[in-house]
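*Asks:* Kindly generate the corresponding structure for this input.
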Amino acid sequence: MRLHALIAAAALSLSAAPALAQDRPAFVNVDEPVFCNAAGFADSREQPAGFELPADKGGGKLEYVDASRAQCHQVVAGKPTGQYRRPTICPLGSGRIQLDGAWVCRSQKPAGS
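*Replies:* Model prediction:
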């Protein structure tokens, strides 16, 4: 008897699954550039590449280390200083993934929004 009840319950849940899927809104992936980690330099630690560093920290900008955008570091007058080298980050709600050799932040938003 128990086996028959399990089979019946499984059949019911499978037949209800397509109806549930239609009720859920469709989502699309949204990819954005990763951010440099400016913790200690700005109110928000997520800052775009090119963020200007304070003069008391040596000035210059935070730039990507290379085309992979895996890390940012300090660049003054076009030359890397070797300082403040940190992994890139994404805002809450986004995941850091690698596409075509470069890191991006991916989030999902309802389709049509």
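
*Asks:* Only C-alpha atoms from now on, for both contacts and neighbour counts.
*Replies:* OK.

*Asks:* quick one, strands of this protein?
*Replies:* If DSSP state E is used as the criterion, the strands of the chain fall at 27-33, 36-37, 46-47, 51-52, 61-64, 71-76, 79-80, 86-87, 95-99, 102-110.

*Asks:* Could you provide the ones you listed in CSV, with additional columns for mean pLDDT and mean neighbour count?
*Replies:* Shown next, in CSV, are the strands of the chain (pLDDT from 0 to 100; neighbours: other C-alpha atoms under 10 Å):
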stretch, mean pLDDT, mean neighbour count
strand 27-33, 94, 14
strand 36-37, 96, 26
strand 46-47, 95, 20
strand 51-52, 96, 19
strand 61-64, 96, 24
strand 71-76, 96, 23
strand 79-80, 95, 12
strand 86-87, 96, 17
strand 95-99, 94, 15
strand 102-110, 94, 18
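
*Asks:* how near is residue 113 to residue 39?
*Replies:* According to C-alpha to C-alpha, to the nearest Å, residue 113 stands 31 Å off from residue 39.

*Asks:* Can you pick out the residue with more neighbours from the two?
*Replies:* Using other C-alpha atoms under 10 Å as the criterion, residue 113 and residue 39 rank with residue 39 on top: 12 against 6.
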